[in-house]
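**Student:** I would like to see how this sequence folds:
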Amino acid sequence: DNLKTGVRSEDDKQMIDQRIDEITTNARFCQYKSGDKNAAKELRSLRTKAALDDPEMTRILDAFLSETHEQQTSSISEITWRQRKIQVTNEKVRLFFLNLQEFQNEIKKQDVSFDTKMSLYESFLKDAVETLQLVKDELKNDPGVCIFRRP
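**Tutor:** Numbers count the residues shown, from 1 in each chain. Sure, this is the predicted structure:
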């Protein structure tokens, strides 16, 4: 706000706000990369807020979060489905399950608007369809898997 006191033009004030947002996001990302858990929460919160207002910022934050998620995916090596443990070997599938956990946490928050939740659902469902197709393609190419299909 101190930077904007001497500026009279609304365009210049908007430009200053945009630059501050970019710098703040970069600083939080650096904190996030260094292992700061609070910075991770702030980045996810920023991503949620940007989902409606700024598609470009959303894309940038998604790229940041995706990059660091890839480092965390090694912790997801198996899932339980129908009381069976299933090995998860594909990195993109691991990333999907990590994103699922974050999606569930974001949706539960009370301060998230309806439009933001809809945007989060849209993004999650798109990821789910892409991941499902990836798994189907892998199963088709795996000679050790026999899938029974109905006529």
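**Student:** pLDDT value on E130, please?
**Tutor:** We have a pLDDT of 92 for E130.
**Student:** the longest helix along the chain - contacts with which helices or strands?
**Tutor:** In the chain, with assignment by DSSP state H, the single longest helix is helix 114-141. Using 3 or more CB pairs under 8 Å, 6 or more residues apart in numbering; DSSP states H and E as the contact test, the elements touching helix 114-141 are helix 37-53, helix 91-108. (Each C-beta comes from the backbone N, C-alpha and C, glycine too.)
**Student:** tell me the buried residues in that helix?
**Tutor:** With burial defined by 16 or more other CB atoms under 10 Å, the residues of helix 114-141 counted as buried are T116, S119, L120, S123, F124, D127, T131.
**Student:** any weak-confidence spans in the protein?
**Tutor:** Counting by pLDDT under 70, the ranges of the chain that qualify are 1-7, 25-43, 50-52, 65-76, 143-151.
**Student:** between helix 91-108 and the longest helix of the chain, find me the angle.
**Tutor:** Angle of helix 114-141 versus helix 91-108, following axes from the mean of the first three to the mean of the last three CA atoms, to 10 degrees, is 160 degrees.
**Student:** returning to that earlier point: kindly reformat the buried residues of helix 114-141 as JSON lines containing distance to W81.
**Tutor:** As requested, these are arranged in JSON lines below (distance: CB to CB, whole Å):
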{"residue": "T116", "distance to W81": "29"}
{"residue": "S119", "distance to W81": "28"}
{"residue": "L120", "distance to W81": "23"}
{"residue": "S123", "distance to W81": "23"}
{"residue": "F124", "distance to W81": "18"}
{"residue": "D127", "distance to W81": "18"}
{"residue": "T131", "distance to W81": "14"}
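**Student:** quick check: of those residues, which lies closest to I79?
**Tutor:** Compare each of the buried residues of helix 114-141 with I79 using CB to CB and the shortest gap goes to T131, at 12.3 Å.
**Student:** so how far is I16 from the nearest residue to the closest one once chain neighbours are set aside?
**Tutor:** Counting by CB to CB, 6 or more residues apart in numbering, F96 is the residue found nearest to T131 once chain neighbours are left out, at 4.2 Å. Remark: distance between F96 and I16 (CB to CB, to the nearest Å) = 38 Å.
**Student:** look at these two and report which has more neighbours.
**Tutor:** F96 (23 against 14; other CB atoms under 10 Å).
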